[in-house]
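Participant: Structure for the following, please:
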Amino acid sequence: MTHRLGPIEAAPGLELLGPRGPEIAQLFTRPFLVLHRASGLYTARTCLLLLLDLGWEAHLRTGTTLDDLCAGLPDQARKPLAWMLPFLAGEGLLQVSNGTYRMEGEPDLDLMGLREATEIEAPGHGTNFDLLDGVRSHIQPYFTEGKAGEGLLFDLALFPLWLSYFRNENLGYFPNNLLTLLALRERLPAGARVLELGGGAGSFAQLLARQGAEQGWLEGIAEYRFTDIAPTFLRRAQRELKLAAPGLSLSFQSLDLNRPLGDQGIEAGSLDAIVGVNVLHVAQDLEATLRNLRTCLKPGGCLVVGECLKATLDTPLYLEFFFSFIKSFTEVRLDPHWRPRHGFLTPEAWDAALTHAGFQDVLSVPPPRPLMDRHPNFNAGAFSARA
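Facilitator: Predicted coordinates:
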């Protein structure tokens, strides 16, 4: 039944994974590779089904441009549609010629078959699919009524699905946390004071606590300040994280990375490390935020950035579907040199942004470009840089 998924990419060799290769290689299990492939296919089919749900089959059959499809829709619809159409063309579900997109024949839109094939080799990992189904079922008023994506995607019905998605037990998300932890671990001094930006569901702190205890370095963290701007995530962390991350010296704080940290009680030069997993790409002004973070670090302190990565800026990444309806993801200040696109960036763009903001000694886990050149679908990485 796994023939429904098509060819499954082979795991990369150790020679592409850098000095921490043996630890990184554990990510590339057969279940992970199957889930990664299936998630891309499921996202593409969900995108096209959403366009059909919206009643646009006739437009797609006759051929439509982005401008034509956006006519009469709220202005906010343009950015997600500008992502969806090229993504669907790249996945072979739409044909494109001179900016006109057309659906031909009867494209394969079987979702249940993907679920069944994935369950054979990655049992119990349908969370990604559940979230995609939830987005599809909730997001139509974004297009038809101009409702905000944040309210539609983070209501009480979908919130448990997000919590299930952002877990270490989710093979599709775990690489983001593990690579970030590897980048942070070797730059922690004894007695470190660490601040996590946008801690969300708390999965990174949980992984840090577990591996730190197993490897004997957890006691070296004097303070771990968990922050988030969302009251729901912050309250949940205050309620549950001390039990879920035993041995971690926790404190909690609401924090908005788009405001000066000094105005929020974070003193200049007070931190040994700042870490954020898939959060800094939503900074409204990335330059200002990175410079602000640097002032809060001690000399030689480190910023660790875990991010989804794109092989090229113009290549749609299936993970962007979730977030293309959210203003904090799409409405950011752009710069042609070091912040050229909203959303996820290339490794080179992150290196340029960090260097431009005054950081030094930028290291990547794993070394991204040789790996992505050989395996262009690899889409996670971490950067550490010194203040």
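
Participant: Count the residues that sit near Glu214.
Facilitator: For Glu214, the neighbour count with other CB atoms under 10 Å is 9. Any C-beta I mention is one placed from the backbone N, CA and C, and that applies to glycine too.

Participant: Please apply the same query to Pro231.
Facilitator: 9.

Participant: quick one, phi/psi of Trp338?
Facilitator: The phi/psi pair for Trp338 (degrees, to the nearest 10) reads phi -130, psi 0.

Participant: Tell me how this structure divides into domains.
Facilitator: 2-6+14-165, 174-386 (automatic domain parsing).

Participant: most packed of those?
Facilitator: Each of the domains of the chain was scored by mean neighbour count; the highest is domain 174-386, a mean of 19, by mean count of other CB atoms under 10 Å.

Participant: quick revisit: for the domains of the chain, give me JSON lines that also has mean pLDDT.
Facilitator: What follows is the domains of the chain, written out as JSON lines (pLDDT from 0 to 100):
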{"stretch": "domain 2-6+14-165", "mean pLDDT": "94"}
{"stretch": "domain 174-386", "mean pLDDT": "95"}
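
Participant: show me what contacts the residue of the chain most remote from its centre?
Facilitator: In terms of distance from the mean C-alpha position of the chain, Thr62 ranks first, at 34.8 Å (CA atoms, centre = their mean). Residues in contact with Thr62, defined by CB atoms under 8 Å, 6 or more residues apart in numbering, are Arg102.

Participant: ok, now Pro80?
Facilitator: For Pro80, the contact set (CB under 8 Å, 6+ apart) comprises 142, 324-325, 330.

Participant: ok, of those residues, which one's closest to Val305?
Facilitator: Val305 lies nearest to Thr330 out of the contacts of Pro80, by CB to CB, at 19.6 Å.

Participant: what helices or strands is the strand or helix carrying Leu114 leaning on?
Facilitator: Using DSSP states H and E, Leu114 sits in helix 111-121. In terms of contacts (3 or more CB pairs under 8 Å, 6 or more residues apart in numbering; DSSP states H and E), helix 111-121 is packed against helix 30-53, helix 127-138.

Participant: Just put the ones you listed in JSON lines and tack on distance to Ser249.
Facilitator: Below are the helices and strands packed on helix 111-121 laid out as JSON lines (distance: least, CB to CB, whole Å):
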{"stretch": "helix 30-53", "distance to Ser249": "32"}
{"stretch": "helix 127-138", "distance to Ser249": "31"}
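
Participant: I'd like to know which of the ones you listed is closest to Val305.
Facilitator: helix 30-53 (21.7 Å).

Participant: how distant is that closest one from the center of its chain?
Facilitator: Using CA atoms, centre = their mean, to the nearest Å, the mean C-alpha position of helix 30-53 is found 16 Å from that of the whole chain.

Participant: what helices or strands is that helix leaning on?
Facilitator: helix 57-62, helix 78-90, helix 111-121, helix 127-138, helix 320-323.

Participant: ok, back up a step: angle of the helix holding Leu114 against helix 30-53?
Facilitator: 170 degrees (axes from the mean of the first three to the mean of the last three CA atoms, to 10 degrees).

Participant: would you put the C-alpha positions of helix 111-121 in PDB?
Facilitator: Below are the C-alpha coordinates for helix 111-121, written out as PDB (Å, rounded to 0.1, in the frame of the first residue of the first chain):
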ATOM      1  CA  LEU A 111      -6.600  11.500   1.600                       C
ATOM      2  CA  MET A 112      -7.700   8.200   3.200                       C
ATOM      3  CA  GLY A 113      -5.200   6.200   1.100                       C
ATOM      4  CA  LEU A 114      -2.400   8.400   2.300                       C
ATOM      5  CA  ARG A 115      -3.500   7.900   5.900                       C
ATOM      6  CA  GLU A 116      -3.700   4.200   5.500                       C
ATOM      7  CA  ALA A 117      -0.300   3.900   3.800                       C
ATOM      8  CA  THR A 118       1.400   6.000   6.500                       C
ATOM      9  CA  GLU A 119      -0.200   4.100   9.300                       C
ATOM     10  CA  ILE A 120       1.500   0.900   8.000                       C
ATOM     11  CA  GLU A 121       5.000   2.300   8.500                       C
END
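
Participant: so what's the closest residue to Phe344 other than its chain neighbours up against?
Facilitator: Leaving out its chain neighbours, the residue that sits closest to Phe344 by CB to CB, 6 or more residues apart in numbering is Cys308, at 4.6 Å. Residues near Cys308 by CB under 8 Å, 6+ apart: 176, 278, 281, 317, 319, 344, 379-380.

Participant: change it to 7 Å
Facilitator: 278, 317, 319, 344, 379-380 (CB atoms under 7 Å, 6 or more residues apart in numbering).

Participant: Start and end of stretch 356-370, how far apart?
Facilitator: Terminal residues of stretch 356-370 are spaced 23 Å apart (CA to CA, to the nearest Å).

Participant: Please compute how far that stretch lies from its chain's middle.
Facilitator: 18 Å.

Participant: what residues does it touch?
Facilitator: Against stretch 356-370 from outside (CB under 7 Å, 6+ apart): 16-18, 20, 24, 179, 182-183, 287, 290-291, 294, 303, 309, 338, 347, 351, 354-355, 381-387.

Participant: now stretch 289-305
Facilitator: 180, 183-184, 187, 257-258, 260-261, 266, 268-276, 280, 283, 350, 353-354, 357-359, 382-387.
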